[in-house]
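Asks: need the 3D shape of this:
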Amino acid sequence: MRGPPWRWRWGSKRGRPPKERIIWSEIGRVSFVPFDERGLPIPNEPIYIMPDEYEALRLVYLEGLTQEEAAKRMGISRGTLWRALNSGRKKIVQALVEKRPIIITRE
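Replies: Numbering: from 1, shown residues only. Coordinates of the predicted model:
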């Protein structure tokens, strides 16, 4: 699903403000919850996937773009894209191994 892009960046902190990332997909708030063998949700602490991590994963692994192409589409450097990919992969693997819910959010 592609719509007009929107811009996202981390909250304000001291020092130089982070560069905005261009996000091409509508995210909203989505949750993935693991279930046990009885079909009941496993009540563990959730892991939050940030919009830039989600978009980096989507562009590289779903659309098959190179890191350079994905970085240009998001308006960031290739190094920044690599860090978002690395962080997103780590969070997804952690959620799978530890059986924790995954929440994708715009906030």
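
Asks: need the three-state assignment for L65.
Replies: Each residue gets one of three states, and L65 gets coil by DSSP: H, G, I helix; E, B strand; the rest coil.

Asks: what distance do you get for the residue nearest to it when sequence neighbours are not counted to G88?
Replies: For L65, ignoring the flanking residues on the chain, the nearest one in space by CB to CB, 6 or more residues apart in numbering is L59 at 4.9 Å. (Glycine included, C-beta is placed from N, CA and C.) Distance of L59 to G88, given as CB to CB, to the nearest Å: 11 Å.

Asks: before we move on, what about E63?
Replies: Remark: distance between E63 and G88 (CB to CB) = 15 Å.

Asks: looking at those two, which is more packed in?
Replies: Set side by side, E63 and G88 show more neighbours around G88, with 22 against 11, by other CB atoms under 10 Å.

Asks: hmm, I49 and that one touching each other?
Replies: Yes: G88 is in contact with I49 according to CB atoms under 8 Å; the separation is 6.1 Å.

Asks: so which helix or strand takes in A56?
Replies: Element membership for A56 (DSSP states H and E) is helix 51-57.

Asks: which residues are contacting the next helix or strand after that helix?
Replies: Using DSSP H and E, the helix or strand that follows helix 51-57 towards the C-terminus is helix 67-74. Residues outside helix 67-74 that contact it (CB atoms under 8 Å, 6 or more residues apart in numbering) are 21-24, 52, 55-56, 59-60, 63, 65, 77-78, 80-82, 85.

Asks: how about helix 67-74: buried residues?
Replies: When burial is assessed from 16 or more other CB atoms under 10 Å, helix 67-74 yields the following buried residues: 70-71, 73-74.

Asks: and the longest helix that the chain contains, how far out from the chain middle?
Replies: Among all segments of the chain classified by DSSP state H, the helix with the greatest residue count is helix 78-98. Remark: helix 78-98 is offset 8 Å from the chain centroid, using CA atoms, centre = their mean, to the nearest Å.

Asks: who are the packing partners of it?
Replies: The contact analysis (3 or more CB pairs under 8 Å, 6 or more residues apart in numbering; DSSP states H and E) places helix 78-98 against strand 47-49, helix 51-57, helix 67-74, strand 102-104.
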